[in-house]
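Undergrad: After the sequence you'll find the predicted model.
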Amino acid sequence: MKLLKGTLFLKLLSLAVAVVTYLFIHSEMYRMKEPSHSFDQSYKLLKPTAKTIPLKVRLATEPPDGYEIEEDQVTSVPSHLIVIGPEALLDEAASAETALVDVSENTRTVTKKIPLESVAGTHLTGPPYFVEVTVPIRKIEKPTEA
């Protein structure tokens, strides 16, 4: 009983409890820093992130005979989209795609408002988001015979 009344003993006991508590908390914190694969994947499903992805214009048809599309000059406004979603889904996101563009009746450059069809491989629902697509079409020059 006399040991319990002494202040030096209580101070040493409280110091020992504090050191043990510190070591326990430190080891738990260190263990949580190490990524576990199952924890990491489920965390990516919940973690929101943003990614800029290019917009791909999908052409459904060719122009009439005697005309061609200048495919390297097909443009869209905007040309890139910022997509916000779970990190796990956006890791593999390569592009967003427009609905199919029909140019079968056009003989010169055409600009149309086309809805987005999919973003990062996921088809969209709800009100459409439109982008402005410009498809340059030119007449095929026939070589002149000499």
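TA: In hand now; what should we look at?
Undergrad: which residues touch residue 82?
TA: 50-52 (C-beta atoms under 8 Å, 6 or more residues apart in numbering). (Glycine included, C-beta is placed from N, CA and C.)
Undergrad: Please list the members of those that lie in strands.
TA: 50-52 (DSSP state E).
Undergrad: Between those residues, which sits nearest residue 127?
TA: Nearest to residue 127 among these is residue 50, at 21.3 Å by C-beta to C-beta.
Undergrad: which stretches of the chain form helices?
TA: 2-5, 7-33, 37-46, 87-90 (DSSP state H).
Undergrad: Where does the prediction get shaky in this structure?
TA: Applying pLDDT under 70 to the chain flags residues 1-6, 32-45, 120-121, 124-126, 143-146.
Undergrad: quick one, what contacts residue 57?
TA: In this structure, residue 57 makes contact with 74-76, 98, 101, 114, 133, 135, judged by C-beta under 8 Å, 6+ apart.
Undergrad: Could you rerun that using 6 Å?
TA: 74, 76, 98, 133 (C-beta atoms under 6 Å, 6 or more residues apart in numbering).
Undergrad: measure the first one to residue 132 for me?
TA: Distance, residue 74 to residue 132, using C-beta to C-beta, to the nearest Å: 12 Å.
Undergrad: Just want to know which of those two has more residues nearby.
TA: Between residue 74 and residue 132, residue 74 has the larger neighbour count (other C-beta atoms under 10 Å), namely 16 against 12.
Undergrad: circling back: just checking, which of the contacts of residue 57 belong to strands?
TA: Using DSSP E, 76, 98, 133 are the members of these that sit in strands.
Undergrad: Can you turn the buried subset of these into a selection I can paste into PyMOL?
TA: The PyMOL command for the buried members of the ones in strands among the contacts of residue 57 (criterion: 16 or more other C-beta atoms under 10 Å) is given here:
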select buried, resi 76+98+133
